[in-house]
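Asker: return atomic coordinates for the entry below.
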Amino acid sequence: MRADRLLSLLMLLQSRGRMTANQLAKELEVSERTIYRDIDALSTSGVPVYGETGPDGGYDLLESYRTNLTGLKNGEVRALFMLSIPSSLDALGVSQDLKQALRKISAALPGSFRGDEEQVRQRFYLDSSWWHQSDGSLPHLRTIQQAVWEDRRLVITHRTMFGVYLDRMVEPYALVAKAGIWYLVCSRKSTFRVYRVSNVIDARISTEYFQRKSDFHLETYWKEWCSDVEESQTAYNVTIRVSRDFIPYLSHYFGNSIREKVERANLPDDQGRIILTVSFETLEAARDRLLDFGRAVEVLEPIALRYSIVDIARQITNLYESQVK
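Answerer: Sure, this is the predicted structure:
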């Protein structure tokens, strides 16, 4: 463990230049006392690390003690440092390995690129998670990951949408993280299917191995599966009338595809409102989303949805009016 930390410390000094003991301790998640001991160990082993006191002090390496990674262009270096560590990779336990790999690459870059890493990191950050969405604890993710790597059959117990628990023997082909949610792509009885990992309540690796189908392509399968899911879940069509002031915000809530519908919509009425048809999974999903928009969006059809919104609105009004009185 200490050897890994010493290497990480060396990579940090090579890539970022002068750093204080406090900065190194925070980066490596150890105490400053540990950093002092590690600096001594590097110096004893012949690494030309030196320290300077004062406001701009810290630890650094002699300029001659560096290796170069040649051939990279400035734009390529900046693109490299735009990589963030997604929380989904952290769940697999590989985030530290990726950080270490980036440190090694950074340490081998020519001196002219030395400031690019910090410059990029202070200007771009990629957050792959969704608002208010989390898979919570995934106790069986590592087990599933091992079965995927080793091509071994897996016995899972998963919870269906109806709350029923089923045991299945599957052939785990891949793990996919979409919007921070992990999914297992597997084969069962020669048919591919997808399970949400958070619905797996038990997973046991079998001693049996399986042979992957040579014509299986993960990215192709996943895109087709997502397309099928979207088509099956957008079956509840709703006709709405949108106020003029709210039209510019539609793409934020319904995605870029709504822009085509806006362009094809009939001419606005005398108040600047347009009529659109949007799709949801269910009546309940449509009601919950459209209630957020208040007077900016009016439901025209289906009538059942209008009545449902009226009912919820009355319940809210009665609740707060009774408290005011």
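
Asker: can we go C-alpha only for contacts and neighbour counts from here?
Answerer: OK.

Asker: strands of the stretch 51-200 of the chain, start to end?
Answerer: Secondary structure of the stretch 51-200 of the chain, counting by DSSP state E, counting those that start in this stretch: strands at 58-61, 152-159, 165-178, 181-188, 191-196, 200-209.

Asker: where among those is the average confidence lowest?
Answerer: Mean pLDDT per stretch puts strand 58-61 lowest among these, at a mean of 90.

Asker: one step back: right, and the strands of the stretch 51-200 of the chain - which one's nearest Met11?
Answerer: strand 58-61 (10.4 Å; C-alpha to C-alpha).

Asker: mind checking how far the closest one is from the chain centre?
Answerer: 35 Å (C-alpha atoms, centre = their mean, to the nearest Å).

Asker: CA-only coordinates of that strand in PDB, if you can.
Answerer: The C-alpha coordinates for strand 58-61 follow below in PDB (Å, rounded to 0.1, in the frame of the first residue of the first chain):
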ATOM      1  CA  GLY A  58       6.400  23.400  -0.800                       C
ATOM      2  CA  TYR A  59       7.900  20.200  -2.200                       C
ATOM      3  CA  ASP A  60       9.200  19.900  -5.800                       C
ATOM      4  CA  LEU A  61      11.400  17.800  -8.000                       C
END
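
Asker: and it, what does it pack onto?
Answerer: helix 2-16, strand 49-52 (3 or more C-alpha pairs under 8 Å, 6 or more residues apart in numbering; DSSP states H and E).

Asker: export the ones you listed to CSV and tack on mean pLDDT and distance to Thr160?
Answerer: As requested, the helices and strands packed on strand 58-61 are exported to CSV (pLDDT from 0 to 100; distance: least, C-alpha to C-alpha, whole Å):
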stretch, mean pLDDT, distance to Thr160
helix 2-16, 78, 43
strand 49-52, 89, 58
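
Asker: looking at those, which one is packed in the most?
Answerer: Mean neighbour count (mean count of other C-alpha atoms under 10 Å) peaks for helix 2-16 among those, with a mean of 18.

Asker: on that earlier part again, highest average neighbour count across the strands of the stretch 51-200 of the chain?
Answerer: When the strands of the stretch 51-200 of the chain are compared using mean count of other C-alpha under 10 Å, strand 152-159 is most buried, at a mean of 21.
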